[in-house]
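Peer 1: Sequence first, predicted model second:
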Amino acid sequence: MKLERIKSVEVIDPNYDVDVYDFELPVEHNFFANDILVHNTDSIFTKYGDALKAIYGDEYDDISDTDKISKVIELNESVAQYINNVMIPDLLEKHNTSATESSAKKFNFNFKQELVIRKALFIEAKKKYATWLVSKEGKPLDKINITGLEIVRSDFPKFSRDMMRNVVNDILKKGITKEDLIIMLSQYKDQYMELLQTGSTDAAIPSSWNKENYASVPRAVKSMLIYNAIYGNTFKILDRGYRFDLENINISQFDETVRKRLTDLVESGKMGKEGKLDCITIPSGSVLDTSKFTIDYNKMVGFAIDDRLKNFCEIFGISIEDPDAISWI
């Protein structure tokens, strides 16, 4: 990015019709200016790491976290006072909003100390991030706060959500390296494969049957209809279960009645044009009989691990789609 200095500032008649411009950066639409995160937001993130190092000098490493947090709160209060008492009144004056009391109250606002964050992890856009909170409104805290990340979504396997939560915790609190993450990725895949082999619902994809009629039957409902054809009418509208993607159903394991119900299901058109029986949802509290159903391990691992950790791996320069990129260890 090329920086340009402002050469001059001209005050113009407020009634003069002239174009104005909004500076932005692509994708994230924000940038740091003098260590302040700039964006069209009602919050300000300020970085104090360099300020603390300048204040404490050679003693920085010997200063306790408690003292550093106290100093950050002190600095933050000074920044807030400057913004509230100097910058905002000046902006109000420049925009002709401070002439009357009602106008000033309408547009005026005050910044206050809220959170002290030790580390933050931003994924893609501004609404996907995780922060390690060490103070809230002046009170000590030790909490990982997650906003917008898939960790909080209920339509991913429990294993995936636990895995992502652990990865975020390790990145923020333990400061893991690229090599650490590569090793962890391999370990998570081994653990996940073990769960799949036992048919555990912790590895399955939460699914729901939301309504009676669909223009095109969704995969979640297809998988429940397949279960019903095999084991009886267990699932109905508004039910939930746990879905596995399959390579195939071992038809020989079932009697003629079940085989006919599966054939009828395919011929009904509810399985789509291709009529594939490539998924099944099982009820809560049960396990998948892997002697009767062959799991599509590549698809399940791709969804539950590769897709979920892709953004985290990119932070470390790891291409999760390229096996050679992680095989060197």
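Peer 2: Done, it's in.
Peer 1: May I have the secondary structure class of residue 133?
Peer 2: strand (DSSP: H, G, I helix; E, B strand; the rest coil).
Peer 1: Isn't it up against residue 147?
Peer 2: No - the criterion here is CB atoms under 8 Å, and residue 133 misses it with residue 147 at 11.5 Å. For the C-beta atoms, the positions are set from N, CA and C on the backbone; glycine is no exception.
Peer 1: Show me which of the two is the more surrounded one.
Peer 2: residue 133 (18 against 12; other CB atoms under 10 Å).
Peer 1: Tell me who's in contact with that one.
Peer 2: 115, 116, 117, 118, 141, 142, 143, 144, 145 (CB atoms under 8 Å, 6 or more residues apart in numbering).
Peer 1: cool, residue 259 as well?
Peer 2: residue 251.
Peer 1: contact partners of stretch 192-201?
Peer 2: 158-159, 163, 202-203, 242, 244, 282, 284-290, 295, 297, 300-301, 304-305.
Peer 1: repeat that with 7 Å
Peer 2: 159, 202-203, 242, 282, 284, 287-290, 295, 297, 300-301, 304-305 (CB atoms under 7 Å, 6 or more residues apart in numbering).
Peer 1: try stretch 158-174
Peer 2: With CB under 7 Å, 6+ apart as the criterion, stretch 158-174 contacts 119, 121, 130, 132, 144, 146, 149-151, 176, 188, 192, 195, 202-203, 304-305, 308-309, 312.
Peer 1: any idea which of the contacts of residue 133 is the one closest to residue 4?
Peer 2: residue 117 (31.4 Å; CB to CB).
Peer 1: Show the contacting residues for the closest residue to the closest one other than its chain neighbours.
Peer 2: Nearest non-adjacent residue to residue 117, counting by CB to CB, 6 or more residues apart in numbering: residue 131, 4.6 Å away. Residues near residue 131 by CB under 7 Å, 6+ apart: 117, 120, 145.
Peer 1: Tell me which stretches of this structure form helices.
Peer 2: 49-56, 65-82, 88-94, 101-107, 158-169, 178-197, 219-231, 256-267, 297-301, 307-315 (DSSP state H).
Peer 1: for these, which one ends up most surrounded?
Peer 2: Of all the helices of the chain, helix 219-231 carries the top mean neighbour count, a mean of 21, counting by mean count of other CB atoms under 10 Å.
Peer 1: Could you tell me how far that helix lies from the centre of the chain?
Peer 2: 30 Å (CA atoms, centre = their mean, to the nearest Å).
Peer 1: now that helix against helix 256-267, angle please.
Peer 2: Angle, helix 219-231 to helix 256-267, by axes from the mean of the first three to the mean of the last three CA atoms, to 10 degrees: 150 degrees.
Peer 1: what packs against helix 219-231?
Peer 2: Helices and strands touching helix 219-231, by 3 or more CB pairs under 7 Å, 6 or more residues apart in numbering; DSSP states H and E, are strand 205-208, strand 240-249, helix 256-267, strand 279-282.
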